[in-house]
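# structure for this input, please:
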Amino acid sequence: ETADDWRELGRVAWGRDRERSLRAAENAAALNPENFTAITFLVQAQAAAGDYQKAIRSADIADMIANTPVEQLRARIARLNTHILARDIPAMKATLSEVENAIDAVVPIAETTPVANRLSEGRFRDHPAWIVSSAESTQASALFNLNAYEQSIQALERANEWISLLAPHSNGLTAHNVKTRETKNFELLAQAFSAQDRQSDAYEAHEKVLANWTELAESGDASANEAIPIAWAGYGQTAYRFGDIDKARTLYERGQEIIIRFAAENPESEDCQMAAEYIECLMLYLAKDETPEAFKESYRTRLASVVQALADAPKDEERRGELIVYASTYSTALLQEVDENLEELDWLIDYLRTVSAQMQMDLGANYFSVLVNYNAEYIAARVDEQTDDIPAARGHYETMLSMYDVMVATPDVQSFDSERFRTELYGLKLGALFKLASFKDEYSPQYARMGLALSQQLDDAGQLRTSDQYYLKTFGDFVSELENQE
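Just a heads-up that it's a prediction; the model follows:
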């Protein structure tokens, strides 16, 4: 088997089995470490798996072996996409100009490269026009994350212009790829228009998204079927943002109707079940202004249901995730009007602490019971911050800080990939230190210096995730500011 064989296997597995796709990408790169296409695919696979540091190192290799302007652009796209997935704002800013320069170098090539009447899939993916379109889409996503909405819209419009050039020459799988890329561009356009308060433009983009997904579904694309109800929900969220409550309700109900049918037809599909729960949460959130007591009762019922499921299967990772998501979603809604919801927030905090204590009794020392308690402390800290009780908020964040050491020492953490798990959890510790330092009071210097020392230590050891690089710079800025004051 050649590097190209493994890369093709990884590409085929991409939408269905990301872990298998990553293994195939690793094998392809190992067999031919100077194969540019194999290395850039490895960057994608590592970033999708959340291993951002490895992805950046692979992107460095791609940069070094890129021999043409088109390859240089593809390497920059892979790097920028990694920063986007990692939500690394400083790195996005630093990479955007490199991508823009690389696009400028490839545009003349794309404009002069002939387009065959019917592009084969391989020639389609390698055509400079498609690569420029991909670069513009990736650039637009980064700009959106940087709140540069007008620039994001302009990049998306340029991306779709390139797509319209290729669309007449595509069929089969290439036509599917063109329509899917265009649809995702319209999804981001809808969000950017919404952020700019351009209601009619946002609605028009949502209508285009629905039309495209429907066309893809009618052509036999199963993934488009699953995307349609989420597209209705996204449209509903935009309507809700503009205060168009009746329209939002109608759109949510349309999405809910479709996903309930899909979930019934595919009872084994976790994606369908999760989408159904997501839209149900949106419906509940919509009801909170109209029937606040019913909204609270619905979330209490939902929390009780998942806690009961955990009592029957305490190590069920899916149910554990649901508990954290429901608690987070509910607390976020309640914190929007903290004065009116203090009693319910106190109930939620006590409820999570009780669940944590019960799991501790049932399982002995385990990381998840500590994580549940950590979330209770975080909600309590947010409440105290919003009611201006900073000493109490500091106390909760200090408790969260101490919980990190308890969490990583639990026996269940020691029983699996504890090093990777600790790396994931470092973000919790850095986050608590950041909050403690950001109060800018007499206690801030010690926490800023602790945060800087920890982030530097992790960075030197190659354990600071790209998504946490923000802390290294921010703690450094905190310490510099404090030293200047002294």
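
# low-confidence stretches in the stretch 101-250 of the chain?
Where the stretch 101-250 of the chain drops to pLDDT under 70, the residues are 117-123, 172-173.

# what of the stretch 251-400 of the chain?
For the stretch 251-400 of the chain, the stretches with pLDDT under 70 are 264, 266-274, 284-285, 287-290.

# who's in contact with the helix or strand harbouring Ala448?
If you go by DSSP states H and E, Ala448 is part of helix 444-460. Contact with helix 444-460 is made by 423, 426, 429-430, 433-434, 436-438, 464, 468-469, 471-472, 475-476, 478-479, 482, as judged by CB atoms under 8 Å, 6 or more residues apart in numbering. Quick note: C-beta positions are derived from backbone N, CA and C, even for glycine.

# which of those residues count as buried?
Among the contacts of helix 444-460, the ones that count as buried by 16 or more other CB atoms under 10 Å are 423, 426, 429-430, 433-434, 436-437, 464, 468-469, 471-472, 475, 478-479.

# nearest to Glu398, of those residues?
Leu436 (6.9 Å; CB to CB).

# for burial, what's the neighbour tally of the residue nearest to the closest one when sequence neighbours are not counted?
Nearest residue to Leu436, sequence neighbours excluded (CB to CB, 6 or more residues apart in numbering): Tyr447, at 3.9 Å. Per other CB atoms under 10 Å, the neighbour tally for Tyr447 reads 23.

# just Gly50 next, same as before
Using other CB under 10 Å, Gly50 has 15 neighbouring residues.

# so it: helix, strand or coil?
coil (DSSP: H, G, I helix; E, B strand; the rest coil).

# check contacts around it.
Leu85.

# buried sites along the helix or strand encompassing Ile259?
Using DSSP H and E, Ile259 sits within helix 245-265. Using 16+ other CB under 10 Å as the test for burial, helix 245-265 gives 247-249, 251-252, 254-256, 258-260, 262-263.

# with stretch 146-156 instead?
Ala148, Tyr149, Gln151, Ser152, Ile153, Gln154, Ala155, Leu156.

# then stretch 131-146?
Buried residues in stretch 131-146 (16+ other CB under 10 Å): 131-145.

# can you check stretch 385-393 too?
Buried positions in stretch 385-393, judged by neighbour count with 16+ other CB under 10 Å: Glu385, Ala393.

# the closest residue to Gln199 other than its chain neighbours: neighbour count?
Leaving out its chain neighbours, the residue that sits closest to Gln199 by CB to CB, 6+ apart is Phe242, at 5.1 Å. Residues near Phe242, counting by other CB under 10 Å, number 14.

# repeat for Gly462
Gly462 - counted by other CB under 10 Å - has 10 other residues nearby.

# ok, Pro445 next?
Look at Pro445: counted by other CB under 10 Å, it has 18 neighbours.

# one step back: what about the helix or strand following the helix holding Ala448, distance to the chain center?
Where DSSP H and E defines the elements, the next helix or strand beyond helix 444-460 is helix 469-485. Mean-position distance between helix 469-485 and its chain equals 27 Å (CA atoms, centre = their mean, to the nearest Å).

# now the angle from helix 469-485 to helix 444-460?
Between helix 469-485 and helix 444-460, the angle comes out at 140 degrees (axes from the mean of the first three to the mean of the last three CA atoms, to 10 degrees).

# so who does the residue nearest to Asn81 when sequence neighbours are not counted touch?
In this structure, Asn81 finds its nearest non-sequential neighbour in Thr138, 5.4 Å apart by CB to CB, 6+ apart. With contacts defined as CB under 8 Å, 6+ apart, the neighbours of Thr138 are Ile77, Leu80, Asn81, Ile84, Val99.

# got a list of what the residue positioned nearest the centre of the chain touches?
In the chain, the C-alpha closest to the average C-alpha coordinate belongs to Leu85, at a distance of 6.3 Å (CA atoms, centre = their mean). Leu85 is in contact with Ala47, Ala48, Gly50, Tyr52, counting by CB under 8 Å, 6+ apart.

# of all those residues, which two lie farthest apart?
Greatest spacing in the contacts of Leu85, by CB to CB: Ala48 and Tyr52 (10.3 Å).

# the more surrounded of those two?
Tyr52 (23 against 17).

# related to what we said a few turns ago, how close does the residue nearest to Asn81 get to Glu98?
12 Å (CB to CB, to the nearest Å).

# figure out the helix or strand that the nearest residue to Ile230 once chain neighbours are set aside lives in.
Nearest non-adjacent residue to Ile230, counting by CB to CB, 6+ apart: Ala275, 6.0 Å away. In this assignment (DSSP H and E), Ala275 forms part of helix 270-287.

# now the element after that helix, going C-ward?
helix 292-312.

# so which elements touch the very next helix or strand once past that following helix?
For helix 292-312, the following helix or strand on the C-terminal side (DSSP H and E) is helix 317-335. Helix 317-335 is packed against helix 270-287, helix 292-312, helix 342-363, helix 367-386, with contacts defined by 3 or more CB pairs under 8 Å, 6 or more residues apart in numbering; DSSP states H and E.

# residues of helix 317-335 that come out buried?
Arg319, Arg320, Glu322, Leu323, Ile324, Tyr326, Ala327, Thr329, Tyr330, Ser331, Ala333, Leu334.

# with stretch 199-214 instead?
Residues of stretch 199-214 classed as buried: Gln199, Asp201, Ala202, Tyr203, Ala205, His206, Lys208, Val209, Leu210, Asn212, Trp213 (neighbour count, 16+ other CB under 10 Å).

# those residues in strands, which ones?
With strands defined by DSSP state E, no entry of the buried residues of stretch 199-214 lies inside them.

# now the buried residues of helix 245-265 as TSV including distance to Tyr235?
Below are the buried residues of helix 245-265 laid out as TSV (distance: CB to CB, whole Å):
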residue	distance to Tyr235
Lys247	9
Ala248	9
Arg249	12
Leu251	5
Tyr252	9
Arg254	9
Gly255	8
Gln256	13
Ile258	13
Ile259	14
Ile260	18
Phe262	18
Ala263	20
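
# closest to Pro292 out of those?
If you rank these by distance to Pro292 using CB to CB, Arg249 comes first, at 16.5 Å.

# from what I can see that closest one touches Leu282, true?
No. Arg249 lies out of contact with Leu282 (CB atoms under 8 Å); the separation is 9.9 Å.

# now do the shared contacts for the two.
Common contact partners of Arg249 and Leu282 (CB under 8 Å, 6+ apart): Gly236.

# can you tell me the SS state at Gly220?
Gly220 ends up coil, using three-state DSSP.

# for the remainder of this discussion, apply numbering that starts at 20.
Shifting the count to begin at 20 puts that one at Gly239.

# which phi and psi does it have?
phi 100, psi 10 (degrees, to the nearest 10).

# what's the neighbour count on it?
Gly239: 9 neighbours (other CB under 10 Å).

# okay, and Asn86 sits in which element?
Counting by DSSP H and E, Asn86 is held by no secondary-structure element, helix or strand.

# and the nearest residue to Ile172 once chain neighbours are set aside, how close does it get to Ala258?
Leaving aside its chain neighbours, Ile172 sits nearest to Ala211 (4.9 Å; criterion: CB to CB, 6+ apart). Here the criterion is CB to CB. By it, Ala211 lies 16 Å from Ala258.

# likewise Ala49?
Distance from Ala49 to Ala258, by CB to CB: 50 Å.
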